[in-house]
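# here's my sequence, what's the structure:
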Amino acid sequence: MKSSDKIYVAGHRGLVGRAIVRLLRARGFNRVITRLRSELDLRDQSANFLAREKPNLVVLAAARVGGIKANSEAPVEFLIENVEVQNNVICAAYESGVRKLIFLGSSCIYPKLAPQPIPESALLTGPLEPTNEAYAIAKIAGIKLCQAFAQEYGANFVSAMPTNLYGPGDNFDLETSHVLAALLRKAHEAKINRDRELVVWGTGEPRREFLHVDDLASAILFLLQNYDSPEIINVGCGEDISIRCLAELICEIVGFEGDLSWDRSKPDGTPGKLLDASKIGKLGWKPFIPLRDGIAQTYDWFVKHGAGQFANI
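Below you'll find the predicted structure:
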């Protein structure tokens, strides 16, 4: 990988894509290509775009994403849109002669009751979590397409499976956000409104692993430089936390001093999602941002850039 390589990052306006572009440019890669959704519809225009631009490398971070609520309410959109984008970009990358592609999957691909920590070998060994099944199936289809291109045509298409992500620029819309961002916003609102209670979905018992998006960006660059196998590879920090402890930590960071209550009528999701990241660790990569520091940084960003857009604050 050379600094002169032309690198296309699909989904550069998202949490992950922004972090990847930021890191690549900071490391001296000055030929990073991006396009707004209004300029390029990846569902049907990928082939012409990649044939014209001819990037050396592609990072496929474009996806329709959301938390339990969004996944449960729009399974058709999550399945169709993600499969359409993946199929078009991956096929166009091969046809245009891309030297290497990184496809970003998700820890949702693994069975609901997978062993903890979850090894890459757990893929397709059991039923998926129903609340995000459509999204998971789409991501599995992307993995299998990358592997098929590698098997049939020798394409260097790599599939990376990140754990739950967070960081500055996260989605704080309660209709579509993931748990950490949603809890940050709810705790902030509860503090501003001087509420006595903060209601959290579920029992608080499930455990989740959280990786700062800047750590993921460093992992993607590492994989671009050091990993050339079609076998999937997990990216995580190796530590998990219960939703209850996460909520308590967020309240402490935000400064909300009221009580937590648990809405047990709402789903918990998968009991645990701690990834076995020993494969990438043995290759020489490791994360650097502790959870408390990362949440504090994310909250600071939210207060400065995100809080004002919500009418009830």
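
# distance of Phe157 from Leu79?
21 Å (C-beta to C-beta, to the nearest Å). Heads up, the C-betas are built off the backbone N, CA and C, glycines and all.

# quick one, which of these two is more surrounded?
When Phe157 and Leu79 are compared for neighbours, Phe157 comes out ahead with 26 against 18, by other C-beta atoms under 10 Å.

# from memory Arg99 sits against Phe157, does it?
No. Arg99 is beyond contact range of Phe157, at 10.5 Å (criterion: C-beta atoms under 8 Å).

# which ones are touching the closest residue to Thr34 other than its chain neighbours?
Nearest residue to Thr34, sequence neighbours excluded (C-beta to C-beta, 6 or more residues apart in numbering): His12, at 4.0 Å. His12 makes contacts with Arg18, Ile20, Val21, Thr34, Arg35, Ala61, as judged by C-beta atoms under 8 Å, 6 or more residues apart in numbering.

# go again using 10 Å as the cut-off
Neighbour list for His12: 18-22, 32-36, 59, 61-62 [criterion: C-beta atoms under 10 Å, 6 or more residues apart in numbering].

# so which of those wins on neighbours?
Most surrounded of the contacts of His12: other C-beta under 10 Å gives Val59, at 30 neighbours.

# helix or strand next in line after the helix or strand that one falls within, which one?
For Val59, the element it lies in under DSSP states H and E is strand 57-60. Per DSSP H and E, the first helix or strand lying C-terminal to strand 57-60 is helix 68-73.

# mind listing residues that contact that next one?
Contacts for helix 68-73 (C-beta under 10 Å, 6+ apart): 64-66, 77-78, 108, 129-136, 171, 173-179, 182, 201-202, 266-270.

# one more time with 8 Å
Contact with helix 68-73 is made by Phe78, Thr131, Asn132, Ala134, Tyr135, Glu175, Thr176, Trp201, Pro267, Gly269, as judged by C-beta under 8 Å, 6+ apart.

# next up, phi/psi of Gly272, please.
phi -150, psi 150 (degrees, to the nearest 10).

# bridging residues for it?
Per DSSP bridges, the residues bridged to Gly272 are Arg207.

# contacting residues for it?
Gly272 touches Gln116, Pro206, Arg207, Arg208, Asp240, counting by C-beta under 8 Å, 6+ apart.

# which intervals of the stretch 201-313 of the chain have sub-threshold pLDDT?
306-313 (pLDDT under 70).

# ok, which stretches of it are strands?
Secondary structure of the stretch 201-313 of the chain (DSSP state E, counting those that start in this stretch): strands located at 207-212, 233-235, 240-242, 259-263, 272-273.

# still on that earlier bit, tell me how far the residue nearest to Thr34 lies from Ala62.
Taken as C-beta to C-beta, the span from His12 to Ala62 is 8 Å.

# kindly report the same for Ile102.
From Ile102 to Ala62 the distance is 12 Å (C-beta to C-beta).

# before we move on, back to that, just put the contacts of His12 in CSV and tack on pLDDT.
Compiled in CSV, the contacts of His12 are given as follows (pLDDT from 0 to 100):
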residue, pLDDT
Arg18, 96
Ala19, 97
Ile20, 98
Val21, 97
Arg22, 96
Val32, 97
Ile33, 96
Thr34, 95
Arg35, 93
Leu36, 91
Val59, 98
Ala61, 96
Ala62, 94
